[in-house]
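Engineer: Below are the sequence and a predicted model; questions follow.
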Amino acid sequence: MAEELNAMETLAAYAAAGDYKHVIANMYDVDGNAMAIIGTVTKALRRAKAPKVVIDTFFKEATSGDYEHVLKTCSEWVTVVNIRAEPKRGLDAMSAFRKHNIDMELED
């Protein structure tokens, strides 16, 4: 893994964690093992241009406990979804998620 994080970097990364709930990590067809799940979230954070210190802190936190801790950490840092793409309707997975989200908001 990357070099050790100093205390200030770690605190800053934890503070930034809430800033990444807009990042969508789609778990559809992802192997259910912990490292595959962590890898999917890490990839989503990279795509969102999260700083390396944030990604390193996420990884350190996610790997600091058991499987349940991995799931909890992932869902605290990003929005975790399990959406199948709908190619016949012209929707990739993220478009299908956004459409579903809009439909849910309209129901209220």
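Structural biologist: Received it, and whenever you're ready, just let me know what you need. Residues are numbered from 1 along each chain as shown.
Engineer: Rounded mean pLDDT for stretch 82-99, please.
Structural biologist: For stretch 82-99, mean pLDDT rounds to 65.
Engineer: Where does residue 68 sit, in terms of helix or strand?
Structural biologist: Assigned by DSSP states H and E, residue 68 belongs to helix 67-77.
Engineer: buried stuff in stretch 57-71?
Structural biologist: 57, 58, 59, 60, 61, 62, 70, 71 (16 or more other Cβ atoms under 10 Å). Where you see a C-beta, it was placed from the backbone N, CA and C, and this is true even at glycine.
Engineer: Among those residues, which lie within helices?
Structural biologist: Taking DSSP state H as the definition of helices, the buried residues of stretch 57-71 contribute 57, 58, 59, 60, 61, 62, 70, 71.
Engineer: Need the max-distance pair from the residues you listed.
Structural biologist: Greatest spacing in those, by Cβ to Cβ: 57 and 71 (17.6 Å).
Engineer: tell me the pLDDT at residue 79?
Structural biologist: 89.
Engineer: Tell me the bridge partners for it.
Structural biologist: residue 24 (DSSP bridges).
Engineer: low-confidence ranges in this protein?
Structural biologist: Residues of the chain meeting the criterion pLDDT under 70: 1-18, 85-108.
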